[in-house]
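Visitor: let's see this in three dimensions:
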Amino acid sequence: MKKTNLYTTAMILLLGAATLAPMGCTKGYFDAVPKDLVDVNAIFKNKTETENWLAGIYGKLLDPWGTAASSARYFAAWSDEMDLNTPSAQATNALSGVTAGVNIWTANYQGIRLANIFMANVENPQSNILDEPNGAALVQQYKGEARFLRAYFYWTLMKLYGPLVLVGDKIGEVDDNYQQARNTWSECISYVLSEMDAAKELVPERHTVAATGADDLSQTGRINKLIIEAVKSQITLYDASPLFNGDAAMANFKNKDGQGLMNTNYDATKWDKAATAAKEAIDHAITYGKKLFKVTNADAFLAAFNTHRDLYLTGWSDEGIWLRTVTGYQAWEVDAAPRAANGTTTNSNLTPPQEMVDKFRMLNGKSINEAGSGYTETGFTATAKTNFYVAGTSNMYVGREPRFYNAITFNGSTVPFVAKTGQTHVQFWPTGNSGNGGGSEVRYPRTGYLVRKNTNPARNLSNNAGNVVRPAMYIRLGELYLNYAEALNESNPGHADILLYLNAIRTRGGIPALASGLSQAEMRAQIRLERCIELAYEGHRFYDVRRWKNANQPEGRQGGDFTGMSVLTGASLNDPAFYVRIRTSTRAWDDRFYFFPLPQSELNRNQKMVQPPGY
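Guide: Sure thing, here's the model as predicted:
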């Protein structure tokens, strides 16, 4: 077997962050990556080092709640989910290969290469894995995990950059020819799906303790058959969507030899495939024991509110399909905290614009601009809603759906964490407990709002008391329900399952079920709004408005003026001056932003590579 340098010791150290540590433990199944082995043959003779290498591949996955510039929070700030403290390259219309904003290209191709090396070497006949009773099966399982992860790295790149260069099983050497053109979108989709199908044959139905057959919680996050089916649901849904299916505007996305890269002819059968994939994943999840997480309460409002608060704290065990056990939720909470929260490290960075706030419906299920919704922006309530807001709160925050109170912290709302002594509610006006201090304080939300989702009200930020250790959900059953409803509405409008699965999400959210009789277009609008609300801040909105190609339309608008409250004015909770909508940012939108540009360094290295149209 040929010896290959393991990049450098520094690269090995970079891969050391295992994603699969058992909940509540300090050491995980994949605990340490080898620091002194450079001989691949030696590594793959040893079970521990082989598993460490596999951990390194897992370590390339993005953390949904992390602080890195490639996390879900980063992409939320490049969409209408979050306002920007500093204008991005996209917002200023300066996005290019030089100012690309984010580079996930390099890390994901590193993951692909690591997976290729692993698959080429894991079947080492001298491995001590084979000394174990199930050694041969274990080798194949590991190979299946790496094969899926390789395909998933491709998929992560495809969503952002479009068609890619497929390298197959080849492990590139220093003197290889790296001048390769992009493969077509269809080739990329076929490859990724076929690789996932192949991986599915190798990974287990579930990871269990051999002695008892019970689920092995120390293996949480490792790939199983259900995870693969769930991810395939997402892939087939995207592939059927307007950006990737019949978009004539992408006819100019070509390689330098003139090869067209995108599907400019619409294929309706792709929606059928997406519906089938989603339903298969849902049925499998239910058989597996997954269900929509729900908290019971005699008060229907509290039941819905508690459900969506606890979904991210404890409900992941019911609903989560693919989990990441090591995640940056604590940093997310710090950035979601107003200064009224106990502790001194609050940043108040997660700031939704008014346009995102306005997407949440009223308790009666109607949008705020819909006739009969009951929404008003005038006046202030004389009645407090215990644990939600105090008397004197603006009527614009009264009577909203339960998910609103889980997602948004607003002026007058209860403090989302353990509060500082004497503080009962959030005050965002200048002299309030979380305002700008008359110009002396930088830790305040510029829009007058903070994200509240995935925060724990029992956590004390000063000493970490009440902290709930929890994983992130890469994909959950609620997403699959919405995937199925969307695909079925496009492939078979009027099918009873559309309302069945959409209403399951709506009613769990505390709003009434939709009645039958909606047109396909009306149902499409309801499904898209439901995704925006239900999946807010989970990494979907940025990609949804792109695959729907409505980023330049009112319902998905990503450019123009975005607004918030007049946070530099007002002197009290019920001062009308605070509640004047003002422009907080102006963003440019150009249709080239449907795909991100590759880093210019990649084009410099590969002369056959092309940028998406417009760059």
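
Visitor: could you find the closest non-adjacent residue to the residue most central in space within the chain?
Guide: In the chain, the centroid-proximal residue (CA atoms, centre = their mean) is Gly539; its distance is 2.5 Å. Among residues not flanking Gly539 along the chain, Ala72 sits closest, at 3.4 Å (CB to CB, 6 or more residues apart in numbering). (Each C-beta comes from the backbone N, C-alpha and C, glycine too.)

Visitor: wait, the residue nearest to the centre of the chain touches Tyr74, no?
Guide: No: Gly539 is beyond contact range of Tyr74, at 9.4 Å (criterion: CB atoms under 8 Å).

Visitor: please enumerate the helices of the stretch 451-600 of the chain.
Guide: Using DSSP state H, counting those that start in this stretch, the helices of the stretch 451-600 of the chain run over 477-491, 496-508, 520-534, 541-547, 600-605.

Visitor: one more: the stretch 251-400 of the chain?
Guide: Using DSSP H, counting those that start in this stretch, helices in the stretch 251-400 of the chain cover 269-288, 300-310, 316-319, 329-335, 354-357.

Visitor: columns distance to Gly144, mean pLDDT and mean neighbour count on top of the ones you listed, output as JSON lines?
Guide: Formatted as JSON lines, the helices of the stretch 251-400 of the chain follow (distance: least, CB to CB, whole Å; pLDDT from 0 to 100; neighbours: other CB atoms under 10 Å):
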{"stretch": "helix 269-288", "distance to Gly144": "17", "mean pLDDT": "98", "mean neighbour count": "19"}
{"stretch": "helix 300-310", "distance to Gly144": "33", "mean pLDDT": "98", "mean neighbour count": "19"}
{"stretch": "helix 316-319", "distance to Gly144": "24", "mean pLDDT": "97", "mean neighbour count": "18"}
{"stretch": "helix 329-335", "distance to Gly144": "29", "mean pLDDT": "93", "mean neighbour count": "21"}
{"stretch": "helix 354-357", "distance to Gly144": "40", "mean pLDDT": "98", "mean neighbour count": "22"}
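
Visitor: with distance to Phe118 added, can I get those in TSV?
Guide: Output for those, formatted as TSV (distance: least, CB to CB, whole Å):
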stretch	distance to Phe118
helix 269-288	26
helix 300-310	38
helix 316-319	28
helix 329-335	29
helix 354-357	41
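
Visitor: out of the ones you listed, which is closest to Glu145?
Guide: helix 269-288 (17.8 Å; CB to CB).

Visitor: first-to-last residue distance for stretch 99-107?
Guide: Using CA to CA, to the nearest Å, one end of stretch 99-107 lies 18 Å from the other.

Visitor: circling back: next, format the helices of the stretch 451-600 of the chain as JSON lines and append mean neighbour count and mean pLDDT.
Guide: Formatted as JSON lines, the helices of the stretch 451-600 of the chain follow (neighbours: other CB atoms under 10 Å; pLDDT from 0 to 100):
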{"stretch": "helix 477-491", "mean neighbour count": "25", "mean pLDDT": "98"}
{"stretch": "helix 496-508", "mean neighbour count": "19", "mean pLDDT": "98"}
{"stretch": "helix 520-534", "mean neighbour count": "18", "mean pLDDT": "98"}
{"stretch": "helix 541-547", "mean neighbour count": "22", "mean pLDDT": "97"}
{"stretch": "helix 600-605", "mean neighbour count": "14", "mean pLDDT": "89"}
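
Visitor: so can I have TSV of those showing distance to Ala304?
Guide: As requested, the helices of the stretch 451-600 of the chain are exported to TSV (distance: least, CB to CB, whole Å):
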stretch	distance to Ala304
helix 477-491	13
helix 496-508	7
helix 520-534	12
helix 541-547	21
helix 600-605	46
